[in-house]
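Visitor: Next come a sequence and a model predicted from it.
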Amino acid sequence: MNAKVLCCTAGLALTTLTLPLAAFSAVPSQQGTQAYIISPSDGAKVPSPVTVQLELHGFGMPSAESQSQRAGHYHLLIDGKVPDMTRPLGGNVKRFDGQTEVSLYLQSGQHTLQLVFVDHNHRPVNPPEISNLISITVE
């Protein structure tokens, strides 16, 4: 095989492998970044709609449409497990669009809530910033 063809093939193979990894490499979190649910508290019994209040320290939080590399937004996992943190988040999540409070209509029963902070492309920051899991009972 011709050396030029071999180099070109190897270059294309590396590009093909590297682009998907680069597409999902998250924005680095800042030291001291912390996401947490202020309310409801773990173990709380609450009526529906449930008011969820959250807070983030160490990172900006404008609207989810912001393209700033140093800003992001929350995704609230409702009754779900933490997804693959190397991929953009989607699926069964509630997105906070620059808000720190939201009302959720949940059916009666046990529910879990957990925050994941993501960048402007919905990718978890690196290392991932995930709140403690909160268990609530909706009456």
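Guide: The structure has been received and is ready for your questions. Residues are numbered from 1 along each chain as shown.
Visitor: Next, the buried residues of the strand ranked longest in the chain.
Guide: Secondary structure of the chain per DSSP state E: the longest strand is strand 109-119. For strand 109-119, the neighbour count (16 or more other Cβ atoms under 10 Å) marks 111, 113-119 as buried. The way it works is simple: take the backbone N, C-alpha and C, and place the C-beta from them, glycine included.
Visitor: C-terminal to it, what's the next element?
Guide: strand 124-130 (DSSP states H and E).
Visitor: average pLDDT across that next one?
Guide: Model confidence over strand 124-130, given as mean pLDDT, is 76.
Visitor: Repeat that for stretch 100-107.
Guide: pLDDT averaged over stretch 100-107 gives 87.
Visitor: Okay, helices next: where are they in the protein?
Guide: In the chain, the segments counted as helices under DSSP state H are 3-23.
Visitor: Poorly predicted segments of the protein, please.
Guide: 1-33, 58-72, 82-99 (pLDDT under 70).
Visitor: one more time with 90, if that's ok
Guide: Applying pLDDT under 90 to the chain flags residues 1-36, 54-104, 114-131.
Visitor: Can you report how many residues neighbour residue 107?
Guide: Using other Cβ atoms under 10 Å, residue 107 has 7 neighbouring residues.
Visitor: which residues does it contact?
Guide: If you count contacts by Cβ atoms under 8 Å, 6 or more residues apart in numbering, residue 107 has them with 48, 138.
Visitor: quick one: contacts for the residue nearest to residue 113 when sequence neighbours are not counted?
Guide: Computed as Cβ to Cβ, 6 or more residues apart in numbering, the closest residue to residue 113 that is not its neighbour in sequence is residue 134, at 4.5 Å. Shown in contact with residue 134 (Cβ under 8 Å, 6+ apart): 37, 40-42, 112-114.
Visitor: between those, which is closest to residue 76?
Guide: Within these, proximity to residue 76 (Cβ to Cβ) peaks at residue 113, which comes in at 6.2 Å.
Visitor: picking that back up, Throw the buried residues of strand 109-119 into a markdown table and include distance to residue 49, thanks.
Guide: Listed next are the buried residues of strand 109-119 as a markdown table, based on distance: Cβ to Cβ, whole Å:
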| residue | distance to residue 49 |
| --- | --- |
| 111 | 12 |
| 113 | 13 |
| 114 | 19 |
| 115 | 18 |
| 116 | 22 |
| 117 | 23 |
| 118 | 24 |
| 119 | 29 |
